[in-house]
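> no sequence on hand, only this structure:
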């Protein structure tokens, strides 16, 4: 009994693995349950260990090759730099969290945090000074080494220049005497012409001879020793942290919500108290107005939220939301239209030209068209019910800050993701087994029963295969759409990084590459699971 | 610990002071402003980060925009409440060059801050043409005279040198044109059918968004460009080009960016507009504050600007130009304390004469296709530049003790700066005589 219970659990697990498409873990589960260990171990070695070794190999090649390729924006970042950029982004995210919680905190907790932050500021101030000194020292040292390296080259260059200057002078004099000679008929004009041509050629040669030295000098200047950059980065890092701590103090004192509320209330109280003390009409009015205004601003302060800066994690959430909305819109159009195409050949004939013409159009073009067309529906986005709904404080999606740019992106995703789903649905519906349809005829099923009992169930596998492709296409399109429409999301993250052009930008772009890939992978897995649920066969054709 | 409690209590005392200096009754208190990733967006960012907006009772979000066109469109559609704009944008929009919309500006954000960078190969050729340039520290200002033979040679070879600027109505467009034309190089004219401004040009000047400039220089799409910071310093840092001239040399203390909102928005939200200008003036003053002969707050400003949600370039690169040092070449580092001016010289006041200068340039290069009267210039400038709003904000700041009356123009000013000949070619500009100014130039429309 216990055994069969264990077996049951094992098969449930295996089924789950098979369902989610992570079949590589199948031998691991079997091994744990002691099923044919030899075979499982060999399977694990073949299908798990080998790929892992391969990927490690790829990472090693990447880390060796990347720093060798020097671009104008610095060297290609290796895995270590990308990891550092991830940590940087995480720190940025954490800082936003810290500031947000500082803004919201109150009472004893606020004071405790404030004391803690003040303490940190003292340590960091000392550290920052130290690092800044080190960086300044490194700058001087590096300059000295560079100067020392350049000096011999420069002297050489100067002497060559001096020499060629003299030679040029001599030649010029020679030429002018020759010219005089030609004028006085004492010299051949051909000699003059050769002399001038020679002078030109020599000048070119002299320029060539200094060129090498010049490039050498430039190169030394362009590539200062790394420790300068490192010292500067270390100093910057501490200074950044210090600045962040100072900003936190702001959010714990004057910028703190509860402090704002209480100071406004205090002011209101004082103004109210001043009313009976005032002697003239205007003074009374002034105090009364101040009381009202301060009460109002206290009310407003209560409602205030910390304005978060866009972090990569938030942008990822936003991208996922946009792609899901776009995908659902695509489904809403593609499935019914696809079914009609599959059911009615005339309708299919009508739709074919439209599908064939619009399918290859680039997402960029769609985005521009939607920006113009849909933009007209939101003359005043703040007042539009759609955005009011999404940005209402009770809405759990409020943190995503839905805006028109997001709507454009979602529409672009929808129109580009629509086609695979549409075509596959049409194909699925039109290729329903003839026998099934004949059975339906024999049973005299009505249109709706035929649709829901036979056509849809038997076309589901193909339909879902199409939807899976659609979601993949949508995700790819979204990143481009966001970059172009500057709708906050991973696409904008990439574009902003490209525009920032800081020393970390390149690593950030590669980081985005991994984030986009990982999310895409999981979206695909979800579709696989859905597809397996509706498919009757083993689904081996879909992996 | 004692010190800590002291700090805490002083902080609390500061908080609980009654705010008698009444904030205005703002009509709209959550605002979205757009900016382009350039260091001269600093007043907007600082007003937010240092809490100047907050003190006016405004919750402001500042959002980076991909390019000037989209920024303007977003302001017009209402997606943004206002934005960091090129001086020419409110003017261009109001007179209908490009997208038509009535945009006004109550605040000039800064002076100077642009440079013209040429690629290394062009720089070498310029040095050959003018041996004085072939030193570690060539004499300034560098005119385009040594560029002229290079342009001619390329033209003889059937190729017009491609150059970049950031937007058709941007200061950069007018500056690079001015610099070229001063050396007898025709940068090309706009006509009613040629909206790219390439007619009869000796070169080909086209639009590229600022952050992409270094990339276009590297790829050879442009051989020279005019852009704001940090994109000139970026070229030096990457070793792909040499900034030859800054716009300080082309026109000393020229107006650069403005803060623009639509006229309808300003009419709907008069108090909000004043509150915003108040915060921006304070931010400008904060940026220009000096201490011991050095900028007091600029390093902090650079650190804020280098955050990725603002300009996002490396702190060290932003710091160069912002703290008054400009690197022309690795061997040629110069002090330029006035490279970015955010408050000094009464610069934040929206001068009519500045607006008229941009109008004359639009006429000079044919963006305004018809000759106009001197009155038209004055009237148009008055429609767009709104010192009335500025003065209300400034007076309220004086009352609150944040600025003094010496720091802003006198109440009875007519809004025109005195005539100046601080141009690279020495021609005098007087905002009251736009037509004479047009006649004084050799290249371009003269009426």
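The structure has been received and is ready for your questions. Because the structure is predicted, anything quoted here is derived from the model rather than measured.
> could you use CA atoms for every contact and neighbour count after this?
Will do.
> how is chain B carved up into domains?
Domain assignment for chain B by automatic domain parsing gives B:25-111+B:255-307+B:342-350+B:386-416, B:114-252.
> how long is the last one from one end to the other?
If I follow you right, that is domain B:114-252. The separation between the terminal residues of domain B:114-252, taken as CA to CA, to the nearest Å, is 12 Å.
> also the first one?
Looking at domain B:25-111+B:255-307+B:342-350+B:386-416, the gap from its leading to its trailing residue is 32 Å under the measure CA to CA.
> that domain and chain A, are they touching?
Yes. Domain B:25-111+B:255-307+B:342-350+B:386-416 comes into contact with chain A (CA under 8 Å from any CA of the partner chain), by way of B:37, B:57, B:61, B:65-66, B:77-79, B:300, B:303.
> and the stretch 351-500 of chain A, which residues reach chain B?
Taking CA under 8 Å from any CA as the contact definition, the stretch 351-500 of chain A meets chain B at A:379-381, A:484, A:486, A:497, A:499-500.
> again, 10 Å this time
A:375-376, A:378-382, A:403-405, A:483-488, A:492-493, A:495-500 (CA under 10 Å from any CA of the partner chain).
> among these, name the ones in helices.
Under the assignment DSSP state H, those contribute A:375, A:404-405, A:483-485, A:492-493, A:495-500 to helices.
> using a markdown table, lay out these together with neighbour count, pLDDT and distance to residue A:309.
As requested, these are exported to a markdown table (neighbours: other CA atoms under 10 Å in any protein chain shown; pLDDT from 0 to 100; distance: CA to CA, whole Å):
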| residue | neighbour count | pLDDT | distance to residue A:309 |
| --- | --- | --- | --- |
| A:375 | 18 | 79 | 25 |
| A:404 | 21 | 84 | 19 |
| A:405 | 21 | 85 | 17 |
| A:483 | 21 | 86 | 18 |
| A:484 | 18 | 83 | 20 |
| A:485 | 22 | 80 | 18 |
| A:492 | 23 | 89 | 13 |
| A:493 | 26 | 90 | 12 |
| A:495 | 20 | 87 | 16 |
| A:496 | 25 | 85 | 13 |
| A:497 | 22 | 86 | 15 |
| A:498 | 16 | 82 | 18 |
| A:499 | 20 | 79 | 17 |
| A:500 | 27 | 79 | 16 |
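> is it true that residue A:95 touches residue A:242?
No. Contact status for residue A:95 versus residue A:242: not in contact, 11.9 Å apart, counting by CA atoms under 10 Å.
> for the two, indicate the residue with more neighbours.
With neighbours defined as other CA atoms under 10 Å in any protein chain shown, residue A:95 and residue A:242 compare such that residue A:242 has more, 20 against 17.
> and the strand or helix carrying the more buried one, what's buried?
Taking DSSP states H and E as the criterion, the element that holds residue A:242 is helix A:226-252. Judged by neighbour count (16 or more other CA atoms under 10 Å in any protein chain shown), helix A:226-252 contains these buried residues: A:228, A:231-236, A:238-246, A:248-252.
> run through the residues you listed and flag the ones next to chain B.
Applying CA under 10 Å from any CA, the subset of those adjacent to chain B comprises A:232-233, A:236, A:239-240, A:243-244, A:249-250, A:252.
> any weak-confidence spans in the stretch 301-447 of chain B?
By pLDDT under 70, the stretch 301-447 of chain B has no low-scoring segment.
> which residues touch residue B:224?
B:116-120, B:122-123, B:161-165, B:176, B:205, B:213-214, B:216-217, B:241-244 (CA atoms under 10 Å, 6 or more residues apart in numbering or on different chains).
> give me that answer again for 8 Å
Taking CA atoms under 8 Å, 6 or more residues apart in numbering or on different chains as the definition of contact, the neighbours of residue B:224 are B:116-119, B:162-164, B:217.
> who wins on neighbours among those residues?
Of the contacts of residue B:224, residue B:117 is surrounded by the most neighbours, 31 neighbours in total, counting by other CA under 10 Å.
> with adjacent residues omitted, what lies nearest to residue A:430?
residue A:342 (4.4 Å; CA to CA, 6 or more residues apart in numbering or on different chains).
> now for the one you found: which residues touch it?
For residue A:342, the contacting residues are A:348, A:425-430, by CA under 8 Å, 6+ apart.
> confidence score at the spatially most central residue of chain B?
With distances taken as CA atoms, centre = their mean, the residue of chain B nearest its centroid is residue B:256 (2.5 Å). pLDDT for residue B:256: 92.
> hmm, back to that, looking at the contacts of residue A:342, which has the most residues close by?
Compared across the contacts of residue A:342, residue A:425 has the highest neighbour count, 31 neighbours, by other CA under 10 Å.
> what are the phi and psi values at that residue?
Phi and psi for residue A:425, reported as degrees, to the nearest 10, are phi -60, psi -50.
> what about it, distance to chain B?
Residue A:425 sits 39 Å away from chain B, taking CA to the nearest CA, to the nearest Å as the criterion.
> show the pLDDT at that residue.
Confidence score, pLDDT, at residue A:425: 93.
> would you check that it makes contact with residue A:333?
No. Here residue A:425 does not reach residue A:333: they are 11.2 Å apart, not a contact under CA atoms under 8 Å.
> returning to that earlier point: the contacts of residue A:342 into TSV, with extra columns for distance to residue A:14 and secondary structure?
Conversion of those to TSV gives the following (distance: CA to CA, whole Å; DSSP: H, G, I helix; E, B strand; the rest coil):
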residue	distance to residue A:14	secondary structure
A:348	42	helix
A:425	31	helix
A:426	34	helix
A:427	32	helix
A:428	30	helix
A:429	32	helix
A:430	35	helix
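> those residues: which two are farthest apart?
The two members of the contacts of residue A:342 with the most space between them (CA to CA) are A:348 and A:428, at 13.3 Å.
> so the closest residue in space to residue A:161 that isn't next to it in sequence, which of the three states?
Closest residue to residue A:161 apart from its sequence neighbours, by CA to CA, 6+ apart: residue A:210 at 7.6 Å. With DSSP: H, G, I helix; E, B strand; the rest coil as the basis, the three-state label of residue A:210 is helix.
> before we move on, back to that, buried residues in whichever helix or strand the residue nearest to residue A:430 is part of?
Element membership of residue A:342 [criterion: DSSP H and E] is helix A:312-343. Neighbour-count burial for helix A:312-343, with 16+ other CA under 10 Å as criterion, is recorded at A:312, A:314-316, A:318-331, A:333-335, A:337-343.
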